[in-house]
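1. Just the structure for this:
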Amino acid sequence: MEKISNSSSIFLIIVLLLLVPFEEESNNKNYYYVVEARTCESQSHGFKGRCMSNHNCGLVCRNEGFSAGNCRGARGRCFCTKTCSST
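-> Okay, here's the model as predicted:
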């Protein structure tokens, strides 16, 4: 069997030492996904009259099962909002 020269063995050790950090980095990748939830909205069925107060609109919408409500449009209608379900 052939003997490996000192310079060849040192070169081999350096190459192996350089490869180890790259191997560790490629195996430890963490992926983070930012997902923005969609907002669904529907005109309130329970709000009566012209919507002039976001607070009152929000109260009616929460009673209808929504998370919030806002007055919108020239006619002053109450629209309820909630996070859409994924299905």
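2. number of nearby residues for Asn54?
-> The criterion is other CB atoms under 10 Å. On that basis, Asn54 has 15 neighbouring residues. All C-beta spots, glycine's among them, are computed from the backbone N, C-alpha and C.
3. That one touches Asn70, doesn't it?
-> Yes. With the criterion set as CB atoms under 8 Å, Asn54 and Asn70 qualify as a contacting pair; they are 5.1 Å apart.
4. Per-residue pLDDT of Tyr31, please?
-> Confidence at Tyr31, expressed as pLDDT, is 66.
5. quick one: the helices in the chain?
-> Per DSSP state H, the chain carries helices over the ranges 6-27, 54-63.
6. highest average neighbour count across those helices?
-> Among these, ranked by average contacts under mean count of other CB atoms under 10 Å, first place goes to helix 54-63 (a mean of 17).
7. And the average pLDDT for it is what?
-> pLDDT averaged over helix 54-63 equals 97, rounded to a whole number.
8. helices or strands up against it?
-> Using 3 or more CB pairs under 8 Å, 6 or more residues apart in numbering; DSSP states H and E as the contact definition, the elements that helix 54-63 packs against are strand 68-72, strand 77-83.
9. Parallel or antiparallel, which strands does the longest one pair with?
-> Next to strand 77-83 in the sheet, as set by DSSP bridges, lie strand 39-43 (antiparallel), strand 68-72 (antiparallel).
10. could I get the ones you listed as a markdown table with distance to Leu17?
-> Converted to a markdown table, the strands paired with strand 77-83 look like this (distance: least, CB to CB, whole Å):
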| stretch | distance to Leu17 |
| --- | --- |
| strand 39-43 | 53 |
| strand 68-72 | 58 |
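11. As a markdown table, those with distance to Val15, mean neighbour count and mean pLDDT would be great.
-> Supplementary listing: the strands paired with strand 77-83 in a markdown table, determined by distance: least, CB to CB, whole Å; neighbours: other CB atoms under 10 Å; pLDDT from 0 to 100:
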| stretch | distance to Val15 | mean neighbour count | mean pLDDT |
| --- | --- | --- | --- |
| strand 39-43 | 55 | 13 | 93 |
| strand 68-72 | 61 | 19 | 95 |
